[in-house]
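Novice: sequence below, structure please.
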Amino acid sequence: MADLLVEPVTRMSGWVADAGGRAYAGVIVEWLAGAHPSGSYPPHEQEEAARRHLELVEWRGRRIPVPSLQLQLAMAQKRGLVGRAAVIRRALSR
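Specialist: Predicted coordinates:
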């Protein structure tokens with residue numbers, strides 16, 4: 001995905017994972033390595049505990065597990081991401 005990178009794989013500290021990256025291919029694709037339990041509720045979208053909140057989404061003929069919009073909204077609000085929360089609320093109201 002080198003030609004699609006928005007953020008190359010980067011080592012991180014003080015976050016839910018040791019490293020992560022981001023690409024754009026008509027949708028944002030994020031991945032991470034070395035996820036840590038945050039102990040928060042709801043869980044961070046990118047940690048193992050979020051597995052219980054996954055739903056399958058069709059994209060380009062494939063079914064991809066993604067965190068539910070409800071979980072993403074809860075985390076956006078918790079993190080103070082007002083714009084992101086507004087976009088998620090609009091998607092949920094459709």
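
Novice: what's the burial count for residue 77?
Specialist: Here the count is done by other C-beta atoms under 10 Å, and residue 77 has 15 residues near it. (Glycine included, C-beta is placed from N, CA and C.)

Novice: so it lies in a strand, does it not?
Specialist: No: applying DSSP: H, G, I helix; E, B strand; the rest coil, one finds residue 77 to be helix, outside a strand.

Novice: was I right to think it contacts residue 83?
Specialist: No: the pair residue 77 and residue 83 does not pass the contact test of C-beta atoms under 8 Å, sitting 11.6 Å apart.

Novice: which stretches of the protein aren't confidently modelled?
Specialist: By pLDDT under 70, the chain contains no weakly predicted segment.

Novice: need the strands for it, in chain order.
Specialist: 5-11, 19-24, 28-33, 54-59, 62-67 (DSSP state E).

Novice: looking at these, which is buried most?
Specialist: Counting by mean count of other C-beta atoms under 10 Å, strand 19-24 has the highest mean neighbour count of the strands of the chain, with a mean of 16.

Novice: of all the strands of the chain, which lies closest to residue 46?
Specialist: strand 28-33 (5.4 Å; C-beta to C-beta).

Novice: orientation of the closest one relative to strand 54-59 in degrees?
Specialist: Counting by axes from the mean of the first three to the mean of the last three C-alpha atoms, to 10 degrees, strand 28-33 lies at 140 degrees to strand 54-59.
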